[in-house]
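Novice: Structure here, sequence nowhere to be found:
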């Protein structure tokens, strides 16, 4: 029986801007490690996380299959705070063991059979290793060239064999999976996303998760004047986004009767902005109850009539909490590209009865005056109505 030179499969995680956090870096790393463990909890594996300088190594239980290790690496690609995920091999800390592992790693590969150009890139975190990085590159590269006859290309290789010399072992791998980048979810606090069934708000939620916010989701349903379709759609979108943070919560407010009251106010052109302000007031009340420090919307400047600069200013006036608009400078093509990448676009494009269809004036106001909106709210007693709407809040728990 031939003994493999590759040792045990493991996963190497490369940190992004977390490494720039100076004195606060340890706090960011602890949060990131907690998020990684939470993401891997569903696998049932007892993993060992070890922090290195700019790297987290995930050691798997003895005897873990390559397929399971690959699945672990794939799952971690959704955890914000990491820029690269490498499915690596943990080998003994000798030049001979590293060389044998590199040779076996390339055995049987289709690209090697095609004769692709290659390079070896070594990095020594432990300077006690007997070979320098350049010497290790030459030793391993020379052996690979002799055995497989591959051409060396140090500037632009088609295949890179990476070697990282650590304190107790050496990691060998090729390629990698791109991570989400950004900051660990939860390090920046909690936010509340106003979640419609459209394309924009799920992308806004994703972008804020990447900036370290843990987000809850608030959906306004047209019930009792619409069906529950929009709730099902919002639920599906939250499920699609949950892989980035875990433990997501969807809150739903039945908003139909409030919309009917706004429509009955007779201010047809201002109805859409009046509705948005009431939604924001309700969201602020909910945010206080769940201890969220900001509201998040999918507004993009000029995309629709309610998103002109004047109307956005009128909406900001409705609440005291900050309103974060991560899509404000993006166009629809850019937003759709992100939605497609994160897996929400197809869900958002499904038909549903959105509550906004209940208020569809023939001509909406593009430059709403705050004084006019406050007059409408005075007649509606908007502050009290927002509290009543928050009292009708329902939570929809994600099922496994």
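Specialist: Alright, I've got the coordinates. Fair warning: this is a prediction, and the values are worked out from it, not measured in the lab. Residues are numbered from 1 along each chain as shown.
Novice: Just to check, residue 272 is in contact with residue 365?
Specialist: Yes: using Cβ atoms under 8 Å, residue 272 makes contact with residue 365 at a distance of 7.5 Å. Every C-beta, even on glycine, is put in place using the N, C-alpha and C of the backbone.
Novice: Need the residues touching each of those two.
Specialist: Here residue 272 and residue 365 have residue 305 as joint contacts, going by Cβ atoms under 8 Å, 6 or more residues apart in numbering.
Novice: tell me which element the residue nearest to residue 121 when sequence neighbours are not counted is part of?
Specialist: Once flanking residues are discounted, residue 121 sits nearest to residue 162: 5.2 Å by Cβ to Cβ, 6 or more residues apart in numbering. Assigned by DSSP states H and E, residue 162 belongs to strand 159-165.
Novice: Report the angle between the very next helix or strand once past that strand and strand 159-165.
Specialist: Where DSSP H and E defines the elements, the next helix or strand beyond strand 159-165 is strand 170-174. Orientation of strand 170-174 against strand 159-165 (axes from the mean of the first three to the mean of the last three Cα atoms, to 10 degrees) gives an angle of 170 degrees.
Novice: Run me through the strand neighbours of strand 170-174, direction for each.
Specialist: strand 82-91 (antiparallel), strand 159-165 (antiparallel) (DSSP bridges).
Novice: helices and strands around the next helix or strand after the first one, which ones?
Specialist: Okay, so that is strand 82-91. Downstream of strand 82-91, the next assigned helix or strand under DSSP H and E is helix 95-106. Applying 3 or more Cβ pairs under 8 Å, 6 or more residues apart in numbering; DSSP states H and E, one finds that helix 95-106 contacts strand 82-91, helix 133-148, strand 159-165, strand 170-174.
Novice: Identify whichever of the ones you listed lies nearest to residue 381.
Specialist: strand 82-91 (48.7 Å; Cβ to Cβ).
Novice: circling back to that earlier point, export the helices and strands packed on helix 95-106 to JSON lines and append columns for mean neighbour count, mean pLDDT and distance to residue 21.
Specialist: Shown next, in JSON lines, are these (neighbours: other Cβ atoms under 10 Å; pLDDT from 0 to 100; distance: least, Cβ to Cβ, whole Å):
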{"stretch": "strand 82-91", "mean neighbour count": "22", "mean pLDDT": "96", "distance to residue 21": "14"}
{"stretch": "helix 133-148", "mean neighbour count": "16", "mean pLDDT": "96", "distance to residue 21": "27"}
{"stretch": "strand 159-165", "mean neighbour count": "20", "mean pLDDT": "97", "distance to residue 21": "22"}
{"stretch": "strand 170-174", "mean neighbour count": "23", "mean pLDDT": "96", "distance to residue 21": "24"}
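Novice: So which of the ones you listed is nearest residue 352?
Specialist: Residue 352 lies closest, by Cβ to Cβ, to one member of these: strand 82-91, at 34.2 Å.
Novice: who's in contact with the closest one?
Specialist: With Cβ under 8 Å, 6+ apart as the criterion, strand 82-91 contacts 5-16, 32, 56, 59, 69-70, 73, 76-77, 97-98, 101, 105, 162, 164, 169-173, 175-181.
Novice: What angle do helix 95-106 and it make with each other?
Specialist: 110 degrees.
Novice: At the geometric centre of this structure, which residue do we find?
Specialist: Centroid-nearest residue in the chain, with Cα atoms, centre = their mean: residue 244, separated by 4.4 Å.
Novice: Give me the nearest residue to residue 383, chain neighbours excluded.
Specialist: With Cβ to Cβ, 6+ apart as the criterion, residue 383 has its nearest non-adjacent residue at 6.9 Å, and that residue is residue 281.
Novice: What is the burial count for that neighbour?
Specialist: By other Cβ atoms under 10 Å, 20 other residues sit near residue 281.
Novice: next helix or strand past the helix or strand containing it?
Specialist: Here residue 281, judged by DSSP H and E, is contained in helix 271-290. Later in the chain than helix 271-290, the nearest helix or strand by DSSP H and E is strand 294-296.
Novice: Can you tell me what sits against stretch 217-228?
Specialist: Under Cβ under 8 Å, 6+ apart, the answer for stretch 217-228 is 192-197, 205, 230-231, 234, 237-238, 248-257, 259-260, 279, 282-283, 286, 353-355, 357-358.
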